[in-house]
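Colleague: Generate a structure from the sequence data that follows.
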Amino acid sequence: MKILIIEDEKSLREVMARSLEKERFVVEEAGDYASALQKINDYDYDCVLLDIMLPGGSGLSILEELKRARKRESVIIISAKDSIEDKVTGLDLGADDYLAKPFHLAELNARVKSVIRRKQADGDMHISIGNLSVFPDRHEASIDGKELKLNRKEFDLLYYFVINPDRLINKTALAESVWGDRIDQADSLDFIYSQVKNLRKKMKTAGATPEIKAVYGFGYKLVSEPEP
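Modeller: From the prediction side, this is the model:
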C-alpha cells in the first residue's frame, strides 16, 4: 500500500515517513504545492496525508484537483489549523478524515489504516478472489484457508494485483507500487520479473484458482480463474 505525505516541514515529514514505513507502507513525499500536484497527477496512492498550508499554494486546492480527476485516494488533512471552518471545508471537499497537529504517530498510523479499510475494502480488510484471500492489515494471504508464505515484496505485488483484478499492469506500475518514486534504488524491472515469477510459482503450488498471467511485451494480469 502506497502513501503520499504532502507536508512542508521536513523534519515532521521524515518522522511520519519512517513511522509509516515501519508499518510496511510504501511512502513518497512532497514538500510544496508544485511537487505535490505533479505526484498526484503522475501516480496513484492508497492514502494522501495533506497539509493545508504549503509553499506555492493551498492543500485544499490539491484536494479539489484529486476530486476533479476522480481519483480514488483516501485523504487525511493534517494541519496545525484546528478550526471548525477548516475541518468543515476539507470534509466538504471530500477529505476522509482530519488530524490536527501535534499528533501521536500511533494515532496517525491508526487513522491511515482506518480510511484505507473503509474505502478500499468496504470496511473489511479482507479481499477474496476465488480461493485466494488477502489480509492487507496483517500482510498475510491464504489459499483455501492455508497460509501462503510470501516475502514482503511478493505480498506487496499480490496486494496490487488483487485490487486491480483482470487489469493489464505493466512492470513499471508494479515497480512503483513496491518502491514508490525510489524505483532506481535497484534494478527494479529485473527484480519485479523474479519476484512475480516466484509469486506465480507459490500460488500455483498452493492450488490458487486466480492466476497471474504474463502478457508478452506488456506485463501481467491477475485473472480470477485459470484459462483452460
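Colleague: Give me the buried stretch members for stretch 9-26, please.
Modeller: 12-13, 16-17, 19-20, 23, 25-26 (16 or more other Cβ atoms under 10 Å). In short, each C-beta sits where N, CA and C put it, glycine included.
Colleague: What of stretch 107-117?
Modeller: For stretch 107-117, by 16+ other Cβ under 10 Å, it's 108-109, 111-117.
Colleague: Against which helices or strands is the lengthiest helix in the chain packed?
Modeller: Longest helix in the chain by number of residues (criterion: DSSP state H): helix 188-206. Applying 3 or more Cβ pairs under 8 Å, 6 or more residues apart in numbering; DSSP states H and E, we find helix 188-206 packed against helix 152-162, helix 171-179, strand 211-215.
Colleague: Please enumerate residues in contact with the one helix or strand Ile78 maps to?
Modeller: If you go by DSSP states H and E, Ile78 is part of strand 74-79. With Cβ atoms under 8 Å, 6 or more residues apart in numbering as the test, strand 74-79 has contacts from 7, 46-53, 59, 63, 66, 86-87, 90, 94-101, 103, 108, 111-112, 115-116, 118-120.
Colleague: ok so, going back, JSON lines for the buried residues of stretch 107-117, including secondary structure and distance to Thr205?
Modeller: Below are the buried residues of stretch 107-117 laid out as JSON lines (DSSP: H, G, I helix; E, B strand; the rest coil; distance: Cβ to Cβ, whole Å):
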{"residue": "Leu108", "secondary structure": "helix", "distance to Thr205": "38"}
{"residue": "Asn109", "secondary structure": "helix", "distance to Thr205": "34"}
{"residue": "Arg111", "secondary structure": "helix", "distance to Thr205": "38"}
{"residue": "Val112", "secondary structure": "helix", "distance to Thr205": "34"}
{"residue": "Lys113", "secondary structure": "helix", "distance to Thr205": "31"}
{"residue": "Ser114", "secondary structure": "helix", "distance to Thr205": "35"}
{"residue": "Val115", "secondary structure": "helix", "distance to Thr205": "35"}
{"residue": "Ile116", "secondary structure": "helix", "distance to Thr205": "30"}
{"residue": "Arg117", "secondary structure": "helix", "distance to Thr205": "30"}
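Colleague: Would you mind giving the residues you listed as TSV with distance to Ser128 and pLDDT added?
Modeller: Listed next are the buried residues of stretch 107-117 as TSV, based on distance: Cβ to Cβ, whole Å; pLDDT from 0 to 100:
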residue	distance to Ser128	pLDDT
Leu108	29	92
Asn109	25	90
Arg111	26	89
Val112	23	90
Lys113	19	85
Ser114	21	84
Val115	21	85
Ile116	17	81
Arg117	15	76
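Colleague: of all these, which comes closest to Asp190?
Modeller: Ile116 (29.9 Å; Cβ to Cβ).
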